[in-house]
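Asker: Using only what follows, build the 3D model:
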Amino acid sequence: MKRRTAGSTQVYFSPGVSRETGKLLRRHTDCQTVLLVHSSGSWLQPILEQVVANLEENGFNNIVFHKGISPNPHCAECDEGIRLARENDAGIIVALGAGSYVDAAKYIASETNADFYAAIPTTAGTASYFNEWAVLIDEQQGKKSMITRAPDIAILDPETLTSLPPHLSLYTGMDCFSHGLEAYFAKSCPPVAAREALQGCRLVVDNLEDVIENGKDVALRSKMFEADLLTGRAMMRAGLGILHCIANVISGFYPHYQHGFLCGLLIRDTVEYNRETLTKARLNKILPLVEQVTDLFNNHYNEKPPVVVTKNDLIIEEKELPGIVQLAVSNVNAATNPRPVTADIVEHIIRNNFYLE
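Answerer: Down below sits the predicted model:
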């Protein structure tokens, strides 16, 4: 089992490690009651049962379940988790699911001042399992990023990724790559972050095609978690930029556009806008990877997608555009983009990738 530190989060990384969740928790906390914030679906059931069994084997006999989280989580859904945690005096929060569940559990753990929070991600791409940022939808204010708390431990089990369908493997891979890309271009990217970003992006390019074709391969899934750790660390050191300013806001207005899909869609225009800020030597290292990953995205995204079928479906209502542009310009990620994030460039990128009606 590999043990790593990412920020303040202790990372446990190996195939099958999620089956030791209770054992790992016992190393860190004496609390008894667990609120398990988990995804649903038949694909998750075997993993959920194994996690619960190991929790019970290690003395966690009071487990409260909360699965009512949307792909773009709402504060109201988190409020229900907060209520359950407080009513049951749950000192431990465990997230089992994609980035939305990890983010929701962050907010729950923060608001309840939980003694301990463990994240078991079932996608590799968001890097949300070792940072304190949560992206939630507030019913009055729309989608917003907020500082909550990072997980105390992250349990990275590549076996939990093997049921991920091809389109979600593609989209989470695009999310992962976009973290490295924007960190690499960021205004004050330190050399260590540039190395991590480039290495992570290269791992995505080298492995994502094979992952899409053979998602059951645990070794390939491990490579994607490695990429996620690298680009996620780079993101924490350097920040993001205009791509996430736009992607984060659009998915708040149009939740059916999956975040990773938007990342893949916006990569090329992001590079075109920011490329003049890099030296030729640095640019030559990242551009071949950008070409390969955007070609991969364009070749695969409309094969078996759940919602978006053709580019004709990429529609934004003209009346929504001013609000989207305003929120994108004021998004926190604008501060680290190497060029100013202006209303004109945001509108240009949106019009270049979506149909306005």
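
Asker: what about the longest helix in this structure?
Answerer: helix 191-213 (DSSP state H).

Asker: in that helix, what's buried?
Answerer: 193-194, 196-198, 200-205, 207-209, 211-212 (16 or more other Cβ atoms under 10 Å). Where C-beta positions appear, they are placed from N, C-alpha and C, glycine not excepted.

Asker: and residue 87, how many neighbours does it have?
Answerer: 9 (other Cβ atoms under 10 Å).

Asker: And the pLDDT at the most far-flung residue of the chain relative to its centre?
Answerer: Computed with Cα atoms, centre = their mean, the residue of the chain farthest from its C-alpha average is residue 59, at 31.3 Å. The model reports residue 59 with a pLDDT of 94.

Asker: Spit out the contact partners of it.
Answerer: 22, 26, 32 (Cβ atoms under 8 Å, 6 or more residues apart in numbering).

Asker: with the residues you listed in mind, which one is nearest to residue 321?
Answerer: Set against residue 321, the nearest of the contacts of residue 59 by Cβ to Cβ is residue 22 (49.5 Å).

Asker: Now the helix or strand where that closest one lies: buried residues?
Answerer: For residue 22, the host element (DSSP states H and E) is helix 21-28. Buried residues in helix 21-28, counted by 16+ other Cβ under 10 Å: 21-22, 24-25.

Asker: mind putting these in CSV, distance to residue 123 and pLDDT included?
Answerer: Below are the buried residues of helix 21-28 laid out as CSV (distance: Cβ to Cβ, whole Å; pLDDT from 0 to 100):
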residue, distance to residue 123, pLDDT
21, 17, 97
22, 23, 96
24, 20, 96
25, 22, 96
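
Asker: thought residue 357 was touching residue 318?
Answerer: Yes - contact criterion Cβ atoms under 8 Å: residue 357 and residue 318 qualify, at 6.4 Å.

Asker: Dump the helix holding residue 22 to CSV, keeping only the CA atoms.
Answerer: Only the C-alpha atoms of helix 21-28 are listed here, as CSV (Å, rounded to 0.1, in the frame of the first residue of the first chain):
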residue,chain,number,x,y,z
THR,A,21,-11.6,1.3,5.3
GLY,A,22,-12.6,0.4,8.9
LYS,A,23,-9.1,-0.7,9.7
LEU,A,24,-7.7,2.6,8.4
LEU,A,25,-10.2,4.7,10.3
ARG,A,26,-9.3,2.9,13.5
ARG,A,27,-5.7,4.1,13.1
HIS,A,28,-6.9,7.7,13.3
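
Asker: thinking again about what came up before, after the longest helix of the chain, which helix or strand is next?
Answerer: Next along from helix 191-213, by DSSP H and E: helix 218-238.

Asker: Looking at that next one now, give me its mean pLDDT.
Answerer: What helix 218-238 shows for mean pLDDT is 96.

Asker: Hey, what's the angle from that helix to helix 191-213? Just curious.
Answerer: Helix 218-238 runs at 150 degrees relative to helix 191-213, counting by axes from the mean of the first three to the mean of the last three Cα atoms, to 10 degrees.

Asker: I'd like to know which elements helix 218-238 is packed against.
Answerer: strand 2-6, strand 9-13, helix 166-185, helix 191-213 (3 or more Cβ pairs under 8 Å, 6 or more residues apart in numbering; DSSP states H and E).

Asker: Can you lay out the ones you listed as a markdown table showing mean pLDDT and distance to residue 233?
Answerer: A markdown table is the format used below for these (pLDDT from 0 to 100; distance: least, Cβ to Cβ, whole Å):
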| stretch | mean pLDDT | distance to residue 233 |
| --- | --- | --- |
| strand 2-6 | 48 | 6 |
| strand 9-13 | 94 | 10 |
| helix 166-185 | 96 | 9 |
| helix 191-213 | 97 | 5 |
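
Asker: of all the ones you listed, which lies closest to residue 155?
Answerer: strand 9-13 (5.2 Å).

Asker: Direction included, what does the closest one pair against?
Answerer: strand 2-6 (antiparallel), strand 153-156 (parallel) (DSSP bridges).

Asker: just for the stretch 251-357 of the chain, where's the confidence low?
Answerer: Within the stretch 251-357 of the chain, the stretches with pLDDT under 70 are 302-313.

Asker: Try it again at 50.
Answerer: The model of the stretch 251-357 of the chain has pLDDT under 50 over residues 306-310.

Asker: Can you pull the phi/psi pair for the residue nearest to residue 245 when sequence neighbours are not counted?
Answerer: Using Cβ to Cβ, 6 or more residues apart in numbering and skipping the chain neighbours, the partner closest in space to residue 245 is residue 331 (4.0 Å). When read as degrees, to the nearest 10, the backbone of residue 331 gives phi -60, psi 150.
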